[in-house]
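[1] pasting the sequence and the predicted coordinates here, then a few questions.
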Amino acid sequence: MRVYLGSRSLEPELAAQKALAIRPLVSDVEELVFERRAPFALSSLEPKHTDFLFRYEIFPENILRAWGEWRGEGRAMRPGDTIVQEAAMPPFPWGARLLFGARVTETIRSPIAALFSYATLTSHAETGVNTFGLRLDKGEIVAWISSRAEPGNPLMRLAGPVVMRYADWSKEKAVDQMLRRFLKS
């Protein structure tokens, strides 16, 4: 994880993040699920409803910006892709920027569900696995994020309660945005 101020292009950071390994969880961490629902009358999900998910346009930009490997190659997200993430702490223009990465481990698109998972890399503030999804459930659309994560390095462990609370708050904001983006599609 690197810390800097100001804004910068994330694309040049991709090579460094691609070289990093996934950091496995070291303890049995409880899964947290963040979920929002809204009425949805259609019986299937079309790509126009879920494309934003697979572009990783999930978090409000004042919280997290990202660059996915697939963007530079002009293709769809797939397992093995690396994501460069820039998190703002706090989420203001003048705040510090934390730069880290994750690797896509799974992508699923079906008529009733769309999701992808990633595992964090050794550069990440967290260690863990996050899944971002949309699914149809009895006349509703469900936007959800599942997370099994813990602080990722000794510094983050010291600041653990604050870091993890901020991460959970960020995921709450992301699932709200996912539902809004879906409903606008």
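    Here it is on my side, so go on.

[2] buried stuff in the top helix by length along the chain?
    Among the elements of the chain assigned as helix by DSSP state H, the one spanning the most residues is helix 160-184. Judged by neighbour count (16 or more other C-beta atoms under 10 Å), helix 160-184 contains these buried residues: 163-164, 166-167, 170-171, 173-175, 177-179, 181-182. Placement of C-beta: from N, CA and C, glycine included.

[3] any idea how far A38 is from A149?
    For A149, the distance to A38 equals 26 Å [C-beta to C-beta, to the nearest Å].

[4] now for the lengthiest strand in the chain, which elements pack on it?
    Using DSSP state E to define each element, the chain has its longest strand at strand 96-109. In terms of contact count using 3 or more C-beta pairs under 8 Å, 6 or more residues apart in numbering; DSSP states H and E, strand 96-109 is assigned the packing partners strand 2-5, helix 14-18, helix 47-54, strand 82-89, strand 113-120, strand 126-137.

[5] let me know the closest of the buried residues of helix 160-184 to R71.
    Using C-beta to C-beta, the shortest approach to R71 within these belongs to R181, at 17.4 Å.

[6] hmm, back to that, between A149 and A38, which one's more packed in?
    A149 (23 against 12; other C-beta atoms under 10 Å).

[7] skipping adjacent residues, who's closest to the more buried one in space?
    Across the structure, with C-beta to C-beta, 6 or more residues apart in numbering as the measure, the residue nearest A149 apart from its sequence neighbours is G128 (3.0 Å).

[8] and P47, by the same measure?
    Taking C-beta to C-beta, 6+ apart, and ignoring the residues beside it in sequence, P47 has R109 as its nearest neighbour in space, at 7.5 Å.

[9] give me the below-cutoff pLDDT ranges for this structure.
    Along the chain, the parts satisfying pLDDT under 70 run over 1-2, 4-5, 160.

[10] try it again with 90
    Low-confidence segments of the chain, defined by pLDDT under 90: 1-9, 25-29, 42, 88-98, 124-126, 150-167, 185.

[11] who are the contact partners of the residue of it most remote from its centre?
    Distance to the chain centre peaks in the chain at A41, reaching 27.2 Å (criterion: C-alpha atoms, centre = their mean). Applying C-beta atoms under 8 Å, 6 or more residues apart in numbering to A41 gives the contacts G139.

[12] before we move on, the earlier item: in CSV, list the helices and strands packed on strand 96-109 along with distance to V26 and mean neighbour count.
    Supplementary listing: those in CSV, determined by distance: least, C-beta to C-beta, whole Å; neighbours: other C-beta atoms under 10 Å:
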stretch, distance to V26, mean neighbour count
strand 2-5, 23, 10
helix 14-18, 21, 16
helix 47-54, 29, 17
strand 82-89, 21, 22
strand 113-120, 12, 22
strand 126-137, 7, 20
